[in-house]
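>>> kindly generate the corresponding structure for this input.
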Amino acid sequence: MLEDEILPGHLNEAAKVLEARFEDFFLAYEKRLLAINSPLIAEAETREQLREQARSILQEVAADLRGREAPTDAPQDHLSEAIGVSRARGNVHASESLRAVVALSEAALLVVSAHLPSSSNLRNDIVAVALAVQKSIMEHVTKAGVAYANYLLQKAHESHADERRRISRELHDRVAHSIMVAFRSLEIFEMYRTKDPLKAQVKLELAKGTTQEALQLTRSLSRELREMSAEEGLEVALSDLLSTSVPQSIRSRVSVAGDETLIPPQVRDELFLIIRKGIRNAVTHSGAGTMTVGVNVTESHVRAVVEDDGRGFEPGEREHRDGGTGLASMQERTSLLGGTLNLASTPGEGTRIEVFVPLPGSRR
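So this is what the prediction gives:
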């Protein structure tokens, strides 16, 4: 379509329709979101965000159709960024936002085509509206998408930083303390070796014990550092994790099916940390007698399951008890990988956590 084929008067009419028929448009938008079972329409907060975003987009489109500069004030940018963060925090996958903007575009074109006066240029007018809608949507989606990704990256960074700080505290508070006790005991041993052999021997034994304790702690922390990645593969890393982190009172097994080389290293390591948290949650909270860990790798995706036969819990119970930080961290890491996490638990019947992650180059 050539721009000189579009009559300014008709585009002004299209702009008026978008402004005057907002409620008709939003109703059509909601119907489309319901038809595709969008989670964005389920909550009052996200519904109000949709309404604000839709109004902002239509204002920009109307300005564009009239040949004016669309408003570029900070509140509009903040709205898109807030939406991106809100959806990342709420574990709403980015694909839902893309499905929503398609529905928005369809609703806008439906309302415009239904209320524009008939003319020989109707087709061109609709095309112009479609292009203006697409332009505005892409600007909003870009801002929201950047905020969405930045939020998840920040959370992943915070999780790694928390782990490093914890290990640093262990080194300072326990390992360094044990070494200092051993050192002081050896000094006292030297002082009393000849004049009070009995007291010297006590200090020597203490030095031996605390040195052994420091050695064990160092080995334990070294093992934990290795457990922060799965460089040798998921099967090896998970088997090591079960052998070192799961008490013998819990029967545990791991199975990995498929070609692990299909998983990029950064995806593999994040997936391992998600599974590790699921295992630790089961060990800490479930009181289980049996735990199974399964990973299945295909060319299009990887699916991991952590399941136990423990006490289970009511939805929301664990989040209330410990702030849900474990589950929140797992969800954030899963979203960062473009995947989904599902948790099912029933009191007395155990818990099942399933993680689904599409692999690069595949379609969801």
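>>> CA only for contacts and neighbour counts going forward, please
Fine.
>>> could you tell me how many residues sit around the closest residue in space to Met191 that isn't next to it in sequence?
Of all residues not flanking Met191 in the chain, Ala200 sits nearest, at 7.7 Å (C-alpha to C-alpha, 6 or more residues apart in numbering). Ala200 has 21 neighbouring residues, counting by other C-alpha atoms under 10 Å.
>>> check which helix or strand covers Ala200.
Element membership for Ala200 (DSSP states H and E) is helix 197-226.
>>> now the element after that helix, going C-ward?
Next along from helix 197-226, by DSSP H and E: helix 234-245.
>>> elements contacting that next one?
Judged by 3 or more C-alpha pairs under 8 Å, 6 or more residues apart in numbering; DSSP states H and E, helix 234-245 is in contact with strand 251-257, helix 265-281.
>>> buried ones in the longest one?
Of the residues in helix 265-281, those buried by neighbour count under the rule 16 or more other C-alpha atoms under 10 Å are 267-280.
>>> and for stretch 133-149?
Per 16+ other C-alpha under 10 Å, stretch 133-149 contains these buried residues: Val133, Gln134, Ser136, Ile137, His140, Val141, Lys143, Ala144, Gly145, Ala147, Tyr148, Ala149.
>>> same thing with stretch 237-248?
Ala237, Leu238, Leu241, Leu242, Val246.
>>> pretty sure the fourth one contacts Ser252?
Yes. Taking contacts as C-alpha atoms under 8 Å, Leu242 lies within contact range of Ser252: 7.0 Å.
>>> tell me the secondary structure at the residue nearest to Arg311 when sequence neighbours are not counted.
Excluding the flanking residues, the one nearest Arg311 by C-alpha to C-alpha, 6+ apart is Gly348, at 4.4 Å. Assigned by DSSP: H, G, I helix; E, B strand; the rest coil, the conformation of Gly348 is coil.
>>> residues near Gly348, how many?
For Gly348, using other C-alpha under 10 Å, the count is 13.
>>> need phi/psi at it.
In this entry, Gly348 is assigned phi and psi values of phi 80, psi 0 (degrees, to the nearest 10).
>>> surely it is in contact with Asp308?
No. The criterion here is C-alpha under 8 Å, and Gly348 misses it with Asp308 at 10.8 Å.
>>> for the stretch 151-300 of the chain, give me the ranges with low pLDDT.
Across the stretch 151-300 of the chain, residues meeting the criterion (pLDDT under 70) sit at 151-153, 155-161, 222-231.
>>> could you redo the last one with a cut-off of 80?
151-174, 216-232, 244-245, 266 (pLDDT under 80).
>>> could you chop this structure up by domain?
3-152, 157-226, 234-358 (automatic domain parsing).
>>> the first one: how far from the chain's middle?
The one in question is domain 3-152. The chain centre lies 26 Å from the centre of domain 3-152; the measure is C-alpha atoms, centre = their mean, to the nearest Å.
>>> separation between Leu238 and Glu232?
10 Å (C-alpha to C-alpha, to the nearest Å).
>>> go through the helix or strand hosting Glu52 and flag the buried ones.
Glu52 belongs to helix 44-65 when assigned by DSSP H and E. For helix 44-65, the neighbour count (16+ other C-alpha under 10 Å) marks 46, 49-51, 53-65 as buried.
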